[in-house]
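Visitor: Just to be clear, the model below is a prediction. Sequence and coordinates:
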Amino acid sequence: MQLSRDELLGAYRRMATIRQFEERLHDEIMTGEIAGFTHLYAGQEAVAVGVCDHLSVDDMIVSTHRGHGHCIAKGCDVPGMMQEIFGKAGGLCKGRGGSMHIADLSVGMLGANGIVGGGAPQAVGAALAAKLDGKGRVAIAFSGDGACNQGTTFEAMNMAVVTKAPAIFVFENNHYSEHTGDAYAVGTAKDIASRAEAFGMRAWRANGCDYFDTYETMRELLDYVRAGNGPAAIELDTERFYGHFEGDPQRYRGKGEVDRLREERDCLKAFRARVGEAKLLDAAELDAIDAEVAALIDASVTAARAAPAPDPATVAEDVYVDYF
């Protein structure tokens, strides 16, 4: 499917926003102004954007501890995200969630999750609600190669098949579960998709460093699920450019590995090369987007620094839901 010029520009803008957001956080964390653990998504942008570009605001996603990219791709407000990460009252979750727990129900982002494999059961619950309301919505669980070993994920996949829920399990295989390589930790010879197939659902595979391959594969998968065929899964081969968390010394990586990946498997470089060779967009247009994104990130950091912290008197608010 040929994307329009505006669609291509939009896809690049979203990927560039994720990249610059994460690169800037990498620097800001060194100042000591951001509390808690932060897990950066740089390198995996084509997955989040290639998946979410098919979704409407009514479709739902559940994210992981490495969730900034999913949030941006699903339409979360960037300044609001930055304030949340800085722990400010104007954050999307009033400064209470921080990096690993950003959520915005108004755009279908049900939340990032600090528990490995914790999002899959939530996505199945959301998918069951979508099935009952009959409006054609889907729910997506983003997971990594570490979550594919979790019992919560297995149970969720089984329940999705049994109930024929419109749930989609997106496995981002960046080849490291925290600090452990997938060749060592995944028993199915690095083939995560086959695990989903064993539960009785269809599974797809795509190059998660290629926006176009991800986008086209997801289009086929979503058509299948929206047609009422039950759940599906996709394994996307991708890379992360930073450690498991900020401050990770990455001694488990080979010498020069990250430099090689940034040169050979950078999804933004691949996108620029593809649209340039096809004469769909020119470098000047993409450079202009980079500059606009840089200004947005600068303004978001400045605003987050200046924003007030939550009032301690509100600490007990939003802890429990009151249904009465």
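Guide: Yep, that arrived. Numbering: from 1, shown residues only.

Visitor: Confirm Leu25 sits in a strand?
Guide: No: assessed with DSSP: H, G, I helix; E, B strand; the rest coil, Leu25 is helix; it does not lie in a strand.

Visitor: Go ahead and confirm it touches Glu33.
Guide: No: assessed by C-beta atoms under 8 Å, Leu25 is found out of contact with Glu33, at 10.9 Å. To be clear about C-beta, it is placed using only N, CA and C from the backbone, and glycine gets the same treatment.

Visitor: Between those two, which is the more surrounded one?
Guide: Leu25 (25 against 13; other C-beta atoms under 10 Å).

Visitor: That one: what's it in contact with?
Guide: Shown in contact with Leu25 (C-beta atoms under 8 Å, 6 or more residues apart in numbering): 34, 38, 40, 68, 85, 246.

Visitor: Looking at the residues you listed, spot the one nearest Ala160.
Guide: For the contacts of Leu25, the minimum distance to Ala160 (C-beta to C-beta) is 26.1 Å, reached by His68.

Visitor: next one: the helix or strand Glu172 falls within to chain centre, how far?
Guide: For Glu172, the element it lies in under DSSP states H and E is strand 167-173. Its chain's C-alpha centre and that of strand 167-173 lie 10 Å apart, by C-alpha atoms, centre = their mean, to the nearest Å.

Visitor: Just checking: what are the partner strands of it?
Guide: Pairing partners of strand 167-173, with direction, according to DSSP bridges: strand 139-144 (parallel), strand 232-237 (parallel).

Visitor: quick one: the helices in this structure?
Guide: Along the chain, counting by DSSP state H, helices occupy 5-28, 45-52, 68-74, 78-85, 119-133, 151-163, 182-185, 193-198, 211-224, 257-264, 267-277, 283-306.

Visitor: Same list (those) but as CSV, adding distance to Gly98 and mean pLDDT.
Guide: CSV is the format used below for the helices of the chain (distance: least, C-beta to C-beta, whole Å; pLDDT from 0 to 100):
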stretch, distance to Gly98, mean pLDDT
helix 5-28, 12, 97
helix 45-52, 19, 98
helix 68-74, 11, 98
helix 78-85, 6, 98
helix 119-133, 17, 97
helix 151-163, 22, 96
helix 182-185, 27, 75
helix 193-198, 31, 92
helix 211-224, 28, 98
helix 257-264, 26, 94
helix 267-277, 26, 97
helix 283-306, 12, 98
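
Visitor: among the ones you listed, which is the most enclosed?
Guide: Of all these, helix 45-52 carries the top mean neighbour count, a mean of 29, counting by mean count of other C-beta atoms under 10 Å.

Visitor: what's the angle between that helix and helix 211-224?
Guide: Orientation check (axes from the mean of the first three to the mean of the last three C-alpha atoms, to 10 degrees): helix 45-52 against helix 211-224 gives 30 degrees.

Visitor: who does helix 45-52 touch, helix- and strand-wise?
Guide: For helix 45-52, the elements it packs on are helix 5-28, helix 68-74, strand 139-144, strand 167-173, helix 211-224, helix 267-277, judged by 3 or more C-beta pairs under 8 Å, 6 or more residues apart in numbering; DSSP states H and E.

Visitor: Over the shortest one, what's the mean pLDDT, rounded is fine.
Guide: Yep, that's strand 139-144 we're talking about. Mean per-residue pLDDT for strand 139-144: 96.

Visitor: Give me the distance from it to the chain's centre.
Guide: On C-alpha atoms, centre = their mean, the centre of strand 139-144 falls 8 Å from the chain's centre.
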